Structures are given as structure tokens and as C-alpha cells.
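Asks: the following block contains a protein sequence and its predicted model.
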Amino acid sequence: MQAYPKNKGIFILTVLTLSFVSSCAIAPTGNDTALKPREGQKKPVFAKVTEKKRSSGDPYYYFTMAQMARKSGDTSGAIDYYKKAIEADPSSPVLYADLAHLYLRNGDMELARELLEKSRDVDPSYLPTHLFLGELYSVLEKDDEAVKEYEKAIELSPQDQKPYLLLATLHVQKKEYSKAVAVLERLIAKIPNSVMAYYYLGKIESENSRFNKAAEHLKKALEINPDFHALYMELAQVYEHADMIDDAARAYAKAIEITPDDVGIMKKFGAFLIQHGRFDEAVVQYERLKKTDSSGPDASVKLGLIYFEQKKYDRAVEEFTEALKKDPKNDKVRYYLGTAYEEKGDLDKAVEEFKRVSEDKNASIDARIHLAFIYERQKRLEEAAAQIKEAIRLKGGDTELYKLLASLYKNSGRPLDAANTLEEAVKLEPNDEDLHFMLGVVYDEAGKWQESISEMRRVVEINPRHANALNYIGYTLAEKGVSLDEAEQYIKKALNLEPESGHIIDSLGWVYYKKGDVEGAISELERALKYLPDDAVVVEHLGDAYLKKSYRKKAIDAYEKAHRLAPDNEPLKTKLEKLREEFKAR
């Protein structure tokens, strides 16, 4: 068997994407001492190339040609040369492993497995094959076979970290945490200063929400290598999960102290500070980021959002404007700028920026909505409606936008337009109880009380426990003076669901009033008043009941209070004046 140079691609742990599950990701490389070959194991070396021209039957010739083909991207040619090399030297585990790597790159896992098993069979002491085969078995979900390969690798080279870490990772993937811990403890017994072992133990404990233990392992790793910034980053996340926010901040700060120019760490630290409301500290981090050429507009955007959150809108405008200088086509940032102008009251500039948002679909939709709000405030209702309609066109089928448009029409005194809008929305979402409820309300405002009742009944069909719909039906029937027994039943059902609702109690009192049970009405209306002492409708209803019972002084007092609460209610004002005159005449 000839000696061939090792193909490093075979032995890197990420050949088959070694990783912990979810948050338990493969750790970065520590500063552990490079591991030596197992004692007694021959280390493959480059064969010396003599001046004598090699023959085409020389396995090393084919191996060299295969390597050259690989480097040039000729995978097919490399495979052919490896096959010839194996034919010339069938006892070399390296050749089988190299060829397996090529087939793996082509997606042929089964053929790669067969070649690796052949590599193992021709030389059971060749460590790299066991590692590679273990990883492949793991991907193929042949976990028992993978465990055997890793254990064999540990037996061959007990001072090598790789098989321990691969085996521990396999156990973690299977949620066999106790087995993973046992493997890592075996590694520590062999290599007491293994940073990676303690790192993995920390990850496992964190995965199982044992954050104190996770922190202990990571601190132990830091005792071994206090300048390993990735350990501080992991420790920061552990502290964050444990709600030890101050400790997490100190860990992030230590990582930055070790690598002060690491943009990624600064961004993570800044995001952490924002998430936990430590805005002043976040400003410091993002100001540092602004000074780096690689940060782009991100730092200014984050600063703008921080200042916006702090209601420092002038500063927010400055940062968003600076970000747009670096990235003028960034619609999301332009949208942020528009909202900052809007909040500081500069509506003209806000409108100008919102109108310029066009390429980013989501940002454009949000900008249209803000334009609609601004136009509504400026009483430009048609323009406001046009913006929401455009947002509906862009988003398509979003009933929340239909609700927004209906509310705009409703608030501007156009209930029929609101109803038309909601009718279109109901076609899209026929079982949306909120849409039917809103439609019932606007029908009522449009004078279509029977249609309103129909929609409210539909709400109750969808959700029999919808107290507001039950109450709406009952109160509307009572107000119209029809089906009063049915009205009472609906209201009592609503009251069973919300026994302390002043509005529902008022409805019950009102249906009693309509049925002629004045004493029952007064009892319920006085009870409703305890929950809604400043509701003009409840107070007026109570005044009506007092008047029906000939309690004129109480009725006048109630009407006067209701008038103070609703001074624009002309019918109430007329009723009060008439009662005062009658009371004086007596």
C-alpha cells in the first residue's frame, strides 16, 4: 500500500454538517492543542516524486491526476482517476475515502457508504474513515452504526477530541442528553483542559433550561481560555435565557473587549440592549458601529428606531435621513422617516416621504395606511379612502384593510358606504364574526335595523357566546318595541356571559321598561348606573323610568345629568325643558 496525502475535506467535522439540534449548534473552534496521531499509527505522507517519469499503471500517478481534476472542478474525471488508483492499489483506505467524498458531493450517499465501509475493511486502524463513516451513518439515520464508528475512533485515538464531540452531538440530536454528558465527561477525563468539552456541556445544560449549570461549564471553559470571545457570547445568551440581564450585558461587553472591531458582536449586543429597553447603552454600541465602513446604513437605522422609541423625533429624522444617503432605495427606512415626520407633526414632509415608498410591497402598504390617517385628520376623506383602496389592491383579500376602510366611512357619516365595503369583505371571509358584527352596526346606523338584526343573528350562529351580539339583538328589538319576550331572552343570555356589564344591564332595564315593568326597569337601570355613572344613555333611560313612575324630581335630576354628559342631544334637551315647565306649573 502506498502512502497518499490526506484529503482534508474528509476530516473536517462539517463535511456532513455536524451540528447540535436547534440552539445546540456546533461550537466554534477553541484553542485546544492540536492532537497528535495515535501512538503506533503510521501517518500518511506525500510520496516523493522522483525525476523518473511515472508509468500510467502507478497508483500515485492516478491519485495525482485525480487531485488535479478535483482542483479544476472536473468531478467526473477525478472519479475515473480514483477508480484507476484503487484498481492499482486496492489496499489504500485513503483512496476509498477520497472517492467516497466525491460521490457524497454528487449526492450519492449509498455509494459513498459502500466505499467508506471498504476503506474501513482494508485498514480498520485508519481513524479518519471511522469519523467520516460515523457522520454518514448519522445522516442516513443509522444511529447504532454511527455510535459504533465513533466508539471505534475513540478506541483508536483516545486523545482526539473529534470522535467524542461527534458522538456527543449524535446523542444530543436524539435527545439523549445524559448519554451526551457521559461522553463529554469521558473526554474531560482524557483531556482535562478541553475547552470544547465544557462548551458542549454548557450548550446541553442550556438546551435543557438548566442555566446555572450551563453558566458553570462555560465559566470553566473561560478559566482555561479567558480570551475566547465566543464563550462570552454563549454565556451572554445563557444569562439572557435565565433573565439575568445585567450579567448578560457584562458578558457581551467582555466579548467586545476581546474583539473590539467585531461588527457581528456589536450588532448582537446592540439588538440585546434594544430588546431589554437599555436604549442609552444601545446608542453607544450603534454609534461605534457607524464608525465602521462595513456597517452600512444599519447602525443609523437602529439609532433612528431607538430615538423614535424615546420620542426624540428630530434625532430619529437625522438618523433615517443619513441611512437613506447610504441606501436611497430602501423603502422601509423611508417609511420610518415618514412616521418620524408624522409624529413630530410635520405632516407635509410625512406625506412627501410616504408617497415615495413604492418598491417594497409591505412598506408601501403601511405607507398608504399612514397617508390615509393623515388625510382623514385633514378632512380629505376621498383621498384617505383612495389610499386604503390602493393598500387593499396591493395586499389583496386582507379583510383588516376592508375594516379600516369601513371605519373611515362610518366615522365620516357614510354608513351605506361602510356597509358596501363590509359586504365585500364578508364575501372573502363569510365566517368572520367581527365582520358580521361591524356590518350589523353600520346597517343600524344606516336605518336598516332589520338587516342589522339579521347580521347579529349570523354572529350568534358563528359564536353563540358573543355577548355583544346577543345584547345588540335584544336592545334593538326593545328599542323598536317588537318581540319583547325574545328581546328579554337574548339580553339575559348576554348577561349570563357578562354579568357585570353595565351596558347589558341597561338593556335589561330598558326591555323591562318597554314591557311596562317600571319597577323592574328602575331596579336594573339603577344597578347599571353603578357600573356606568357617566353614561348619558343609561342616565336618560333611568330618567324615563322615573318619569313613568311619576318620580318627576328624580326624572328632572336624571335628565339634567344626562344633558350635562350629552349637551348636543336636542331631543333630550327638549324633553328636559318640557318636564321643567310641567313641574313648575304644578
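Replies: Cool, got the structure. Numbers count the residues shown, from 1 in each chain.

Asks: how close does residue 146 sit to residue 171?
Replies: As for residue 146, its distance to residue 171 is 10 Å (criterion: C-beta to C-beta, to the nearest Å). In short, each C-beta sits where N, CA and C put it, glycine included.

Asks: please apply the same query to residue 196.
Replies: 15 Å.

Asks: cool, residue 565 as well?
Replies: Relative to residue 171, residue 565 is positioned 70 Å away (C-beta to C-beta).

Asks: more neighbours, these two?
Replies: Taking other C-beta atoms under 10 Å, residue 565 and residue 171 do not tie; residue 171 has more neighbours (21 against 17).

Asks: list the buried ones in stretch 335-347?
Replies: 335-342, 344 (16 or more other C-beta atoms under 10 Å).

Asks: what do you get for stretch 391-409?
Replies: 391-392, 398-399, 401-409.

Asks: same check on stretch 291-305?
Replies: In stretch 291-305, counting by 16+ other C-beta under 10 Å, buried: 295, 297-305.

Asks: kindly present the buried residues of stretch 335-347 as JSON lines, with separate columns for distance to residue 277.
Replies: JSON lines is the format used below for the buried residues of stretch 335-347 (distance: C-beta to C-beta, whole Å):
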{"residue": "335", "distance to residue 277": "23"}
{"residue": "336", "distance to residue 277": "19"}
{"residue": "337", "distance to residue 277": "23"}
{"residue": "338", "distance to residue 277": "25"}
{"residue": "339", "distance to residue 277": "20"}
{"residue": "340", "distance to residue 277": "20"}
{"residue": "341", "distance to residue 277": "25"}
{"residue": "342", "distance to residue 277": "23"}
{"residue": "344", "distance to residue 277": "22"}
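
Asks: from those, which two are the most distant?
Replies: Longest distance between any two of the buried residues of stretch 335-347 is 15.4 Å, between 335 and 344; criterion C-beta to C-beta.

Asks: what residues does the residue most central in space within the chain make contact with?
Replies: Nearest to the mean C-alpha position of the chain, by C-alpha atoms, centre = their mean, lies residue 275 at 13.1 Å. Applying C-beta atoms under 8 Å, 6 or more residues apart in numbering to residue 275 gives no contacts.

Asks: ok, residue 143 next?
Replies: If you count contacts by C-beta under 8 Å, 6+ apart, residue 143 has them with 137, 170, 174.

Asks: any chance of JSON lines for those residues, columns pLDDT?
Replies: Formatted as JSON lines, the contacts of residue 143 follow (pLDDT from 0 to 100):
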{"residue": "137", "pLDDT": "95"}
{"residue": "170", "pLDDT": "96"}
{"residue": "174", "pLDDT": "93"}
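
Asks: narrow the residues you listed to those in strands?
Replies: Judged by DSSP state E, strands contain none of the contacts of residue 143.

Asks: residue 90 against residue 122, yeah?
Replies: Yes - if you go by C-beta atoms under 8 Å, residue 90 and residue 122 touch, sitting 7.2 Å apart.

Asks: okay, these two: which has more neighbours?
Replies: More neighbours surround residue 122 than the other of residue 90 and residue 122, with 17 against 13 (other C-beta under 10 Å).

Asks: now the more buried one: how far from residue 116?
Replies: Taken as C-beta to C-beta, the span from residue 122 to residue 116 is 11 Å.

Asks: residue 149 now?
Replies: Between residue 149 and residue 116 the computed distance is 9 Å (C-beta to C-beta).

Asks: show me how the protein divides into domains.
Replies: For the chain, the structural domains run 1-30+43-191, 482-586, going by automatic domain parsing.

Asks: report pLDDT for residue 279.
Replies: Looking at residue 279, its pLDDT reads 95.

Asks: show me the helices in the stretch 101-250 of the chain, by range?
Replies: Here the stretch 101-250 of the chain has its helices, by DSSP state H, counting those that start in this stretch, at 109-122, 127-139, 143-156, 161-173, 177-190, 195-207, 211-224, 229-241, 245-258.

Asks: with distance to residue 281 as extra columns, can I get those helices in a markdown table?
Replies: A markdown table is the format used below for the helices of the stretch 101-250 of the chain (distance: least, C-beta to C-beta, whole Å):
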| stretch | distance to residue 281 |
| --- | --- |
| helix 109-122 | 49 |
| helix 127-139 | 43 |
| helix 143-156 | 45 |
| helix 161-173 | 34 |
| helix 177-190 | 35 |
| helix 195-207 | 24 |
| helix 211-224 | 22 |
| helix 229-241 | 14 |
| helix 245-258 | 7 |
